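Q: okay, structure incoming, though there's no sequence with it:
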């Protein structure tokens, strides 16, 4: 194998850093004064968009790298996207919110975590890792919502990077979406403060949280704290958001039966109605030292969740390999209510009131039978795959 040229490698690194600097300058031009912070003496500010609660000095930015202090004013991201696509809402994943419909999904850049296995690292780590970075497109909230309506989407979702750090832009978007009868959602790591959740509550309908581990040491390696995420899940449910929780089951990191049981017991203690998605890991970004999650591990996680008292547990990312692990069943009579394959809804049997047609048990969720049936009638199997949207 030919040896790499050290000079060439160094030049590539220099170019990557220059590109990252240029990207940062472009984002700074798009930024606007934020709302989720308090002013302190000496032109310092305290940001509370995420659980880090960064104390940011004048001329510096926060952990996320996209919220920065200039002369005592916190500037935040607005007016662009790094990704925009009409996805099945099941991809977020939400299984108990408008199943079968499309979610117009938008993402920006940056994250307050630095997970070594991040599957969206090109956007989340764009301002930390010279190997990351994607093109961004200036766009208005009105334009994105118009695209959502044109695509027949039933909701708009802030996703692909961590939405908490771009919450002001998301609220702008969601206010416009509500004018057109669309629902809204966050796909988040859950590193939230009570202030940001109160700010979002009037405008966010569905909230997905990643529960990445039940070990605080492991959480700190990812850039967060376990207690902050657990508290956020409790607050979200108590404040009336519709909440679904995802655990990416990573071999050798969080896949022990004891850790999965602790997570399941915690969620069941908040509410047995919280859907828990246990999804399969695949080697990505900086975690290439282990294989993908075996189907048997997800099947066992499904069993553990139900044994802990959760009513709705799902195995994800391995379509058709976990028996009925993707389907929704009545927790009372076990009737099949929603049949799925991957992101596709194959059959929907809930009543108009969101109940089991066999025993009339109310199924927890945010249902709209008319929207779901209209979406399924409108779409063929091929149409159910993600559809890229160009502005």
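A: Arrived safely, thanks for sending. Computed from a prediction, not measured in an experiment: that's the story for all the values here.
Q: for residue 236, what are its contacts?
A: 190, 192, 197, 207, 209, 243 (Cβ atoms under 8 Å, 6 or more residues apart in numbering). The C-beta positions use only the backbone N, C-alpha and C, and glycine is treated the same way.
Q: how close does it get to residue 136?
A: When distance is defined by Cβ to Cβ, to the nearest Å, residue 236 is 29 Å away from residue 136.
Q: swap in residue 164?
A: Distance from residue 164 to residue 136, counting by Cβ to Cβ: 19 Å.
Q: ok so, going back, what would the contacts of residue 236 look like in TSV with pLDDT, secondary structure and distance to residue 51?
A: Output for the contacts of residue 236, formatted as TSV (pLDDT from 0 to 100; DSSP: H, G, I helix; E, B strand; the rest coil; distance: Cβ to Cβ, whole Å):
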residue	pLDDT	secondary structure	distance to residue 51
190	98	coil	9
192	98	coil	6
197	98	helix	11
207	98	strand	15
209	98	strand	12
243	98	strand	17
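Q: quick check, central residue of the chain?
A: Computing the C-alpha centroid of the chain and ranking residues by Cα atoms, centre = their mean puts residue 187 first, at 2.1 Å.
Q: how about the nearest residue to it, chain neighbours excluded?
A: residue 159 (3.8 Å; Cβ to Cβ, 6 or more residues apart in numbering).
Q: my read: the one you found touches residue 108, true?
A: No. Using Cβ atoms under 8 Å, residue 159 is not in contact with residue 108; the gap is 10.0 Å.
Q: who has more neighbours, these two?
A: Counted by other Cβ atoms under 10 Å, residue 159 and residue 108 do not tie: residue 108 has more neighbours, with 28 against 23.
Q: what about the more buried one, distance to residue 375?
A: For residue 108, the distance to residue 375 equals 27 Å [Cβ to Cβ].
Q: could you do residue 347 as well?
A: 13 Å.
Q: those two: who's more crowded?
A: Neighbours were counted for residue 347 and for residue 375 using other Cβ under 10 Å; residue 375 has more, 24 against 12.
Q: name the SS class of that one, please.
A: When classified by DSSP: H, G, I helix; E, B strand; the rest coil, residue 375 comes out as helix.
Q: buried residues in stretch 285-302, which are they?
A: 285, 287, 293, 295, 297-302 (16 or more other Cβ atoms under 10 Å).
Q: avg pLDDT for stretch 66-79?
A: The average pLDDT for stretch 66-79 rounds to 97.
Q: and it, what's buried?
A: 66-70, 74-79.
Q: these into JSON lines, with extra columns for distance to residue 334 and secondary structure?
A: Below are those laid out as JSON lines (distance: Cβ to Cβ, whole Å; DSSP: H, G, I helix; E, B strand; the rest coil):
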{"residue": "66", "distance to residue 334": "46", "secondary structure": "coil"}
{"residue": "67", "distance to residue 334": "47", "secondary structure": "coil"}
{"residue": "68", "distance to residue 334": "53", "secondary structure": "strand"}
{"residue": "69", "distance to residue 334": "55", "secondary structure": "strand"}
{"residue": "70", "distance to residue 334": "58", "secondary structure": "strand"}
{"residue": "74", "distance to residue 334": "51", "secondary structure": "strand"}
{"residue": "75", "distance to residue 334": "53", "secondary structure": "strand"}
{"residue": "76", "distance to residue 334": "47", "secondary structure": "strand"}
{"residue": "77", "distance to residue 334": "46", "secondary structure": "coil"}
{"residue": "78", "distance to residue 334": "48", "secondary structure": "coil"}
{"residue": "79", "distance to residue 334": "49", "secondary structure": "coil"}
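Q: flag the shaky bits of the stretch 251-391 of the chain, pLDDT-wise.
A: 380-391 (pLDDT under 70).
Q: and the helices in it?
A: Using DSSP state H, counting those that start in this stretch, the helices of the stretch 251-391 of the chain run over 257-270, 295-307, 369-378.
Q: okay, those helices in JSON lines with distance to residue 153 next?
A: As requested, these are exported to JSON lines (distance: least, Cβ to Cβ, whole Å):
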{"stretch": "helix 257-270", "distance to residue 153": "29"}
{"stretch": "helix 295-307", "distance to residue 153": "29"}
{"stretch": "helix 369-378", "distance to residue 153": "9"}
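Q: and of the ones you listed, who's closest to residue 100?
A: helix 369-378 (4.6 Å; Cβ to Cβ).
Q: show me what the closest one packs onto, helices and strands only.
A: In terms of contacts (3 or more Cβ pairs under 8 Å, 6 or more residues apart in numbering; DSSP states H and E), helix 369-378 is packed against strand 344-348.
Q: buried ones in the strand it packs on, by neighbour count?
A: Those would be 344-345, 348, for strand 344-348 by 16+ other Cβ under 10 Å.
Q: give me the angle between it and helix 369-378.
A: For strand 344-348 against helix 369-378, the angle by axes from the mean of the first three to the mean of the last three Cα atoms, to 10 degrees is 120 degrees.
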